[in-house]
Structures are given as structure tokens and as C-alpha cells.
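Engineer: A predicted structure for the sequence below; I have some questions about it.
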Amino acid sequence: MVGARSPRYVEIAAELRRRLGSAGAGDPLPSEAELSERYGVSRMTARQAVKSLEAEGLVYRVPGSGTYASGNEADRTMGILRSFTDDMAERGIAVISDVLFSDWVDLSPETAAELVATPGSRAVRVMRVRLGDGLPLALETVTLPPRCSFVLDYDLGTISLHRLLEDHGLILTEARGTVAATIADDNDAAHLRVAIGSPLLVENLRVEDQNGERVEATETRYVGSKYILDVQFRRQNRFP
């Protein structure tokens with residue numbers, strides 16, 4: 001069965017993302033008129049493509065001047081639950097994983113609490129180096145409850161774990177966690193190809209499925225110089 005073709009503005013945005021991967025901060029983007037002529041689409045379609053890039057933080061507009069590259073190598077909008085694979089795919093970056101470990105483990109009290117499981121019980125753990133266009137971007141450790149043991153039957157070097165879970169009826173709907181700064185230790189340096197002491201962003205998430213049941217506890221250690229988390233803050237109204 002042939003899937004429906006993506007809207008034209010999505011295809012244009014995907015190609016522009018690939019070009020932005022090698023752009024520096026402040027590099028100009030073609031004007032809407034130039035994009036319209038280059039891709040044979042209306043200016044409205046070209047504008048939609050640029051707006052989608054702007055929403056992702058990849059470009060910024062200067063009224064009366066033009067649109068420019070933000071220079072972000074890889075970024076993710078906080079508050080949106082989306083897999084690493086989907087994040088990178090939207091930017092035209094090819095993702096594969098180097099699987100370091102994939103097997104059953106005994107849960108520590110801390111991880112058992114994150115999975116809402118009995119301390120000392122068994123769970124599935126997957127450790128992977130996530131690569132974008134062949135470059136290590138993150139070191140990921142995922143712990144899953146026994147009901148997710150089917151993941152051990154698959155090649156997790158080429159498959160999105162979140163997509164695999166959803167294919168088996170586990171829809172990931174909510175995540176809570178923290179993001180903190182740290183520095184690379186010996187293990188990080190070896191797997192992420194960075195110097196010991198390099199800055200990292202460490203994200204710890206506890207993920208629930210559509211039934212509100214804990215399905216994943218994940219630690220992801222991102223290369224600080226290659227990964228950006230986009231955030232948006234809104235002041236809470238203190239007055240009635």
C-alpha cells in the first residue's frame with residue numbers, strides 16, 4: 001500500500017533542514033519569492049515551509065531584512081513528547097544506533113521506583129549510542145517493564161524504540177523528568193567521541209502509556225555542543 005504524499009511545504013521544509021545542517025548562525029535563507037520560483041509553488045506554500053522551520057528554532061526572521069539560520073545543529077522543543085528518531089528525521093538527519101547492551105537486568109531500588117515496580121524484580125534494559133549522520137549525539141539508557149520484553153527480538157540499531165512500542169499497542173502519551181548539566185566521564189568520552197570533562201546535557205524521563213501506566217525510564221546523555229533544547233516560558237498571571 002502506497003502512503004499519502006506529504007504536503008509540498010513539508011517536503012520543502014525537509015530539504016531546507018538538510019541545507020541548514022551545514023549553515024552557520026546568521027547565514028541568510030532564500031526569500032519567499034526565491035523559494036517559490038525554485039520549487040514551483042505559491043508564495044503561501046513557501047511561507048508555510050519557512051514558518052515550520054522558524055517554529056523549530058532553526059531560523060529567525062528580521063522584519064524588513066530577511067530570514068536567517070539560527071546555527072542550531074540539533075534541537076528539540078521541550079514540552080513535546082517525540083522520539084529522537086522523529087526529531088532528527090524532521091531535520092533531514094539520518095539516524096542509526098550502536099547497541100551497547102540489550103538484555104534483562106535486576107532493578108535497583110531507584111529504577112524500580114521510576115518504573116513503579118518491586119525492587120529487585122526483573123526488567124529490560126537497552127543501552128545505545130544515538131548517531132545522527134554518523135556522528136554520536138547521545139548515549140541513551142532505557143529501562144522497560146517485562147511486558148515490553150518483545151523489544152529484545154528486534155534490531156534496535158535501525159528501529160525507533162518508540163515506534164516499536166506503538167506498533168505493539170503502547171502509545172506513549174506523557175513524560176515527566178529533569179534536564180541537568182554535567183561533564184563527560186570516561187564512559188561518555190569513549191562512546192560519544194568527546195574529551196573527558198566536555199559539557200553534556202542529561203535528560204531523565206519517566207514515560208507513561210495511554211492507560212497511565214509507567215512504560216519507560218530513560219536517561220539520555222546529550223553532547224552539549226551538538227544538542228539544543230528549545231524552551232518557551234510564559235509568565236503566570238498572579239492576579240485574578
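Structural biologist: Cool, got the structure.
Engineer: CA only for contacts and neighbour counts going forward, please
Structural biologist: Fine.
Engineer: separation between Ala25 and Tyr68?
Structural biologist: According to CA to CA, to the nearest Å, Ala25 and Tyr68 sit 7 Å apart.
Engineer: Pick out whichever of those two has more residues nearby.
Structural biologist: More neighbours surround Tyr68 than the other of Ala25 and Tyr68, with 21 against 15 (other CA atoms under 10 Å).
Engineer: give me the beta-bridge partners of that one?
Structural biologist: When bridges are called by DSSP bridges, Tyr68 pairs up with Pro28, Tyr60.
Engineer: Can you give me the pLDDT of it?
Structural biologist: Tyr68 is assigned a pLDDT of 85 by the prediction.
Engineer: distance of Ser198 from Leu115?
Structural biologist: 30 Å.
Engineer: Which one's more surrounded, the two?
Structural biologist: Leu115 (23 against 15).
Engineer: thought the more buried one was touching Arg214?
Structural biologist: Yes. Leu115 lies in contact with Arg214 (CA atoms under 8 Å); the separation is 5.6 Å.
Engineer: which residues do these two both contact?
Structural biologist: Arg206 (CA atoms under 8 Å, 6 or more residues apart in numbering).
Engineer: tell me the contacts of the nearest residue to Arg8 once chain neighbours are set aside?
Structural biologist: Nearest non-adjacent residue to Arg8, counting by CA to CA, 6 or more residues apart in numbering: Thr45, 7.3 Å away. By CA under 8 Å, 6+ apart, the residues touching Thr45 are 8-9, 36.
Engineer: For Thr45, give me the backbone phi and psi.
Structural biologist: phi -60, psi -40 (degrees, to the nearest 10).
Engineer: Bridge partners for Ser102, pull those for me.
Structural biologist: Val126.
Engineer: Can you report how many residues lie near it?
Structural biologist: Ser102, neighbours per other CA under 10 Å, totals 19.
Engineer: per-domain residue ranges of the protein.
Structural biologist: If you go by automatic domain parsing, the domain ranges for the chain are 8-69, 75-230.
Engineer: which of the contacts of Thr45 has the most neighbours?
Structural biologist: Most crowded among the contacts of Thr45, counting by other CA under 10 Å, is Tyr9 at 21 neighbours.
Engineer: Contacts only, for it.
Structural biologist: 45-46, 48-49.
Engineer: And the most centrally placed residue in the chain, how far from Arg8?
Structural biologist: Geometric centre of the chain, nearest residue: Phe84, 3.0 Å, by CA atoms, centre = their mean. Per CA to CA, Phe84 is found 24 Å from Arg8.
Engineer: Model confidence for Ser65, exactly?
Structural biologist: At Ser65, pLDDT is 83.
Engineer: Kindly apply the preceding question to Ala195 instead.
Structural biologist: Note for Ala195: predicted pLDDT of 91.
Engineer: so it is in which element?
Structural biologist: Assigned by DSSP states H and E, Ala195 belongs to neither a helix nor a strand.
Engineer: Apart from its chain neighbours, what residue comes closest to it?
Structural biologist: Ala189 (5.5 Å).
Engineer: pretty sure the one you found is touching Ile196, no?
Structural biologist: Yes. Judged on CA under 8 Å, Ala189 makes contact with Ile196 at a distance of 5.5 Å.
Engineer: Where does pLDDT dip in the chain?
Structural biologist: For the chain, the stretches with pLDDT under 70 are 1-6, 21, 56-57, 71-83, 86-91, 227-240.
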